[in-house]
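J.: Need the 3D shape of this:
(one chain, ligands or ions: 1)
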Amino acid sequence: MYNGPQNENLRKHILSNYHSENDKAFDEFLYPKYMQDISDIHWTPIVVAKKASELLTANGANQILDIGAGIGKFCIVGALHTDAIFYGIELRKDLYEIAEQSARILHLNQIRFSHLNITEVNFSHFDAYYFFNPFLENLHPINRIDNHLPLTASLFEEYTHYTKEQFASLPTNSRVVTYCTDSEIMPSDYVKAESYFNNRLCLWLHQKSS
Ligand SMILES: C[S@@+](CC[C@H](N)C(=O)[O-])C[C@H]1O[C@@H](n2cnc3c(N)ncnc32)[C@H](O)[C@@H]1O
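T.: Next up, the predicted model:
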């Protein structure tokens, strides 16, 4: 049950479920009920977030951008699992506030959440990138988190175009990890170097500088 920013006991429960990779119990202690209910579809499972954060930091990268951070689950697991700093950018204010509160409950200070549209973010400030299909809800209403934002095919095009251009402008050997995402988002000079979880989690490396 969700209790808000409580005490050391709550933190211990969350950490023990993080260690045992029990998503249901982890979500139950950390997040409001509605966010638990949509977790399977919208938030990265603990086991996947651990692997993704290992792939992102394997070459020493330590400024990780989560493109569409939601309630912060990927950044939180990544910060518990590695020494890197995680920056989560989230368009929805209520999700951003839950993410901030969750990092506070766990006393995590290697996380920075910002309430921004990704189109306001310059990717050159970071050195590795996580992308869990954040713009898809613009095309598939059935997968929407809520109806509080305008969601249209032209916004999908705009966000995808911006992100792809930012990926293309990154230095050689930059790392992007995608989860449940079509390879279309990656510019043609990225190669898929590794994949896990039936090809749903992919590590992409930039092969040439722009
Ligand atoms: C599939 S969820 C992934 C959340 C988180 N990365 C995780 O793995 O647990 C994608 C998130 O991207 C956010 N989002 C969608 N479009 C965005 C945009 N243009 N800028 C910032 N965030 C966006 C959505 O509100 C949603 O919370």
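J.: Could you list the low-confidence segments of the chain?
T.: Along the chain, segments meeting pLDDT under 70 span 1-6, 209-210.
J.: Now the residue of the chain found nearest the ligand: closest residue in space, sequence neighbours ignored.
T.: Residue nearest to the ligand within the chain (Cβ to the nearest ligand atom): Gly68, separated by 2.2 Å. Heads up, the C-betas are built off the backbone N, CA and C, glycines and all. Sequence neighbours aside, Pro134 is the residue nearest to Gly68 in space, at 2.9 Å (criterion: Cβ to Cβ, 6 or more residues apart in numbering).
J.: Now do the contacts for the one you found.
T.: Applying Cβ atoms under 8 Å, 6 or more residues apart in numbering, we find Pro134 in contact with 67-68, 118, 159.
J.: With Val191 instead?
T.: 204-205, 207.
J.: Filter these down to the buried ones, PyMOL style.
T.: To isolate the buried ones among the contacts of Val191 in PyMOL, judged by 16 or more other Cβ atoms under 10 Å, type:
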select buried, resi 204+205
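J.: quick one: which of the contacts of Val191 is nearest Ser154?
T.: Proximity of the contacts of Val191 to Ser154 (Cβ to Cβ) peaks at Trp204, which lies at 25.9 Å.
J.: wait, the residue of the chain closest to the ligand sits on Ile89?
T.: Yes. Using Cβ atoms under 8 Å, Gly68 is in contact with Ile89, at 6.9 Å.
J.: So for those two, which residues contact both of them?
T.: Contact criterion Cβ under 8 Å, 6+ apart; residues shared by Gly68 and Ile89: Ile118.
J.: interface residues of this protein facing the ligand?
T.: Residues of the chain lying near the ligand by Cβ under 6 Å from any ligand atom: 42-44, 66, 68-70, 73-74, 89-92, 95, 117-118, 132-135, 145, 159.
J.: since we're on Leu10, how many residues are nearby?
T.: Other residues lying near Leu10 total 17 when counted by other Cβ atoms under 10 Å.
J.: Same question for stretch 75-86: list its buried residues.
T.: Quick answer for stretch 75-86 (16+ other Cβ under 10 Å): 75-82, 84-86.
J.: Now render these as JSON lines, adding secondary structure.
T.: Below are the buried residues of stretch 75-86 laid out as JSON lines (DSSP: H, G, I helix; E, B strand; the rest coil):
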{"residue": "Cys75", "secondary structure": "helix"}
{"residue": "Ile76", "secondary structure": "helix"}
{"residue": "Val77", "secondary structure": "helix"}
{"residue": "Gly78", "secondary structure": "helix"}
{"residue": "Ala79", "secondary structure": "helix"}
{"residue": "Leu80", "secondary structure": "helix"}
{"residue": "His81", "secondary structure": "helix"}
{"residue": "Thr82", "secondary structure": "coil"}
{"residue": "Ala84", "secondary structure": "coil"}
{"residue": "Ile85", "secondary structure": "strand"}
{"residue": "Phe86", "secondary structure": "strand"}
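J.: Which two among the residues you listed are spaced furthest apart?
T.: Largest separation among the buried residues of stretch 75-86 by Cβ to Cβ: Val77 and Ile85, giving 14.3 Å.
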